[in-house]
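Q: Fold the following for me, if possible:
(2 chains)
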Amino acid sequence: MELIRPDTRYDFIGKRKITVWISAVAILVCLGSILGHGGLRYGVDFAGGLLLQIRFPNPVEISEIRNALETMGAKEAMVQNFGGANEFLVRVEKASDDIEAKSRSIQAGLKERFKDKSLEIRRVEIVGPKVGSDLKTKALWAVGLSFLAILIYVAFRFHQFGFGLGGIMALFHDIIIIYGVISIFDIEYSLSVMAVILTIIGFSINDTIVIFDRVRENIKKMRKEDLVTIFNVSINETLGRTILTTGTVMMVVLILFFFGGDVIHDFTIALIVGLITGTYSTVYIASPVVLFWEEHIVKRRKRR
Amino acid sequence: MLRSLKLRLIFYGAIALFAIILLMPTVTSQLPQWWTKIFPTEKIRLGLDLQGGMHLILGVEADKAVGSYLERVKNNLRDDLKEARIPVGKLEREKNDQIVLEFSGDKEKVDKLLADRQYAVMRELSSTATGGGITRMVLVLDSAQAEQTKKNAIDQALETIRNRIDQFGVAEPEITRQGTDEILIQLPGVKDPDRAVNLIGQTALLEFKLLDEEGNLDEALKGNVPEGDLILYQRSVDPQTGAVRRVPYLLKERTLMTGDVLEDARVSLDTQYNEPYVALEFDSIGAKLFEQITSQNVKKRLAIILDNNVYSAPVIQEKIAGGRAQITGRFTADEAKDLAIVLKAGALPAPVKILEQRTVGPSLGQDSIRQGLISIVISAALIVAFMIFYYRVSGVIADVALILNIILTLATLALFRATLTLPGIAGLVLSVGMAVDANILVHERIKEELRWGKTIRAAIDQGYHRAFVTIIDSNLTTLIAGVILYQFGTGPVKGFAVTLSIGILANIFTAVYITRVIFDFVTLKVGVKRLSI
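A: Down below sits the predicted model:
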């Protein structure tokens, strides 16, 4: 079976003048959202605090829980629906030394108040200030180090500077977009979202490597053609693979999104976004950067 | 790579078989006896987020162990000074590691007293004459001794907590040290998290102190606590109204006896009031000490104090021999049982603080397992169907590789006793996605080579050869991320890193080597003329 006919020749690179603007706007919007929100919204993992997941056998009004919390003097506690109408998250996003005691009093208070509605406490997460800031440092190191490790790998794999630069720019683009989307949709930055970002870093560069490998193969084959044509041919030749792979992985991620449960919802959303931007950035960030570098910088040097 | 096709087939077949053997205990618990004798019976361990349970990180406040060590030195010093008839003005612990002493008279007498072996851990920091014949002396605890005390405190805390959990009865608890002063505790399947936290986190320092019946309690409550005294409270909760009552007691600061002389602590039932109490039994030293204390203080009140809470303060009626005492205090049956456990396991040498607690109830864990399984089954089914639909016979070969990939990953988890978490399941599903990518890369390449007019054999050779570099590249970059994540992650995230990394390694093996051997077998042995791809 053929999804993409072998003689397919879409002019991907020709559209780059438009897509550069699209990318620029997207990056600006993302950076704007992050700055506008004053950084990411750290979840309990990083900010420290308390998270309770509670469930009732029958639907309960969210205001009832809010009132209960207010009367017991836990005004800083926030309530949000989680999954169905009978399951909720209660969180206190403030790390303090007495967070453990606070958790006990809130749990005891809720149990007392909803005695007749058989409340079930399904999950408790308490993160003290020290652990929270430890995890934040760890996360920063993890993202920074994997970025660096992949940078080194890319530099080592693509001997030509232009290709390495293209791959790196694509990575930067993807990271900004993911963090931006997290910020725009007000997703909590948690440990699992961080894990996704690392995975996406790996995934995104993977896609770039596939196409760049083909470009370098074709440079040897098509000596007479210019670089723009070679890129277009290469992208078209690997188009079948790109669509199939992205399609199947996307299918898997969508299954996780719909069937994997609410606990990993944010995790899968970040994956979906990362998958899209990872594919886009190979064609419209990595490739144009290589072309720009080869056409403007390298040629100019040769002319001298 | 092995050259002979037959050898390769046997080798890969053996690996697949071994993986399936490793997985059998996880799949079914009804294995025949001969099986369990020969093969490993290790099941895949489920993380706390899947089977439910509690994850705790405790910080041992080791500095406080140094403080209480110094407190004991100070109390001994007071007695010794009194015995040597040296008039003492002030005797206090300052900061965490200093004792300030003000006395009048000859300094030599004090020096002589401090030369005693038990004070060898203290160093004289300064001594100044403040006028009126009064000398102010500052003693500091030797820093090596302080470090040793801290280290011992953490070691002992770990041991004590282990004992408590053992007696509480949790299947397969994990209690390990983390960093210098943290203790990591994993308790799978704990039903009452609050009770477990109480049991683990309680310092459980049992002390016996005399009441100061000559001192004025009212004056003391106003702030004029007599030298060498302290105020502690008896806290009682009315079971009907839930109201908390706090009764103050003026006590002699000196501790006559602590819980380390306990031999046993058991729950007994007061037949008269039908209330549980904790019966204490002292060891021989403790029994002697208790006899001595009670004989010297007949008609005085002796307070039984647990973690600075006065439980009771009965009047000593007569000398008590035999080394038995009891703690009463309106306990529920569970409370009394837990108190007996902590007393028997011993006090923590320093208080612990809960730095992190994550508890997942059993029902949520069940839901997560179900959702995880559904996700795996649906994605696997869809992918298998798609590969056959798109690549026909070659798709079947790819599917064999995919399924083997899952089996190998899970078998590796069982082999290395790694833990499967919910994000771990996601990692597994994701690595299946990556495995598809590898197969697609190979197949697309073979198709291309065929299109360019190559023979089947040449196309397969070239396809694998060309795709190999790309597969390695793409998997390696994700592997880098996985390994780093493992280094930095905790708990569930670590589980994600583990399955993703193992999955990727399995992927390289299955997509590059397993499928190749099948292709080779089909083309060389079966001798197909047209490749269905």
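
Q: where along the stretch 51-200 of chain B do the helices fall?
A: B:62-83, B:107-114, B:143-168, B:193-201 (DSSP state H, counting those that start in this stretch).

Q: Of the ones you listed, give the one that comes closest to A:Ala149.
A: helix B:143-168 (34.6 Å; CB to CB). Quick note: C-beta positions are derived from backbone N, CA and C, even for glycine.

Q: So which bits of the closest one are buried?
A: For helix B:143-168, the neighbour count (16 or more other CB atoms under 10 Å in any protein chain shown) marks B:145-146, B:149-150, B:153-154, B:156-158, B:160-162, B:164-165, B:167-168 as buried.

Q: Report the two of those separated the most.
A: Farthest pair in the buried residues of helix B:143-168, by CB to CB: B:Gln145 and B:Phe168, 33.8 Å.

Q: Got the domain ranges for chain B?
A: B:5-50+B:361-526, B:64-145, B:202-349 (automatic domain parsing).

Q: what's the closest of those to chain A?
A: domain B:5-50+B:361-526 (3.4 Å; CB to the nearest CB).

Q: name the helices or strands packed onto the strand or helix carrying B:Leu22?
A: Take DSSP states H and E as the rule and B:Leu22 turns out to sit in helix B:5-27. Counting contacts by 3 or more CB pairs under 8 Å, 6 or more residues apart in numbering or on different chains; DSSP states H and E, helix B:5-27 packs against helix B:362-415, helix B:515-520.

Q: Who are the contact partners of B:Pro423?
A: A:Ser192, A:Ala195, A:Ile264, A:Phe267, B:Pro492, B:Val493, B:Gly495, B:Phe496 (CB atoms under 8 Å, 6 or more residues apart in numbering or on different chains).

Q: So which of those are in helices?
A: A:Ser192, A:Ala195, A:Phe267, B:Pro492, B:Val493, B:Gly495, B:Phe496 (DSSP state H).

Q: Mind picking the two most distant members of the residues you listed?
A: A:Phe267 and B:Gly495, at 12.5 Å, using CB to CB across these.

Q: quick one, which of those two is more surrounded?
A: Ranked by neighbour count (other CB atoms under 10 Å in any protein chain shown), A:Phe267 and B:Gly495 place B:Gly495 first, with 29 against 25.

Q: Please verify my assumption that that one contacts B:Leu413.
A: No. Judged on CB atoms under 8 Å, B:Gly495 makes no contact with B:Leu413 at a distance of 9.4 Å.

Q: what does the stretch 1-150 of chain A have sitting close to chain B?
A: A:1, A:3, A:6, A:53, A:55, A:97, A:100, A:103-104, A:107, A:120-128, A:130-131, A:135, A:138-139, A:141-142, A:145-146, A:149-150 (CB under 8 Å from any CB of the partner chain).

Q: Quick check: closest non-adjacent residue to B:Ile533.
A: B:Ser394 (4.1 Å; CB to CB, 6 or more residues apart in numbering or on different chains).

Q: and the stretch 201-304 of chain A, which residues reach chain B?
A: A:201-203, A:205-207, A:209-210, A:213, A:217, A:237-238, A:240-241, A:244-245, A:248-249, A:251-253, A:255-256, A:259-261, A:263-264, A:267-268, A:271.

Q: Weed out the non-buried ones from the residues you listed.
A: A:201-203, A:205-207, A:209-210, A:213, A:237-238, A:240-241, A:244-245, A:248-249, A:251-253, A:255-256, A:259-261, A:263-264, A:267-268, A:271.

Q: B:Gly67: what's it in contact with?
A: B:Arg93, B:Asn96.

Q: Kindly report the same for A:Ser146.
A: Contacts of A:Ser146 (CB under 8 Å, 6+ apart): A:Leu198, A:Ile201, A:Gly202, B:Ile480, B:Ala481, B:Ile484, B:Leu485.

Q: repeat for B:Ser532
A: B:Ser532 neighbours (CB under 8 Å, 6+ apart): B:Tyr391, B:Arg392, B:Val393, B:Ser394.
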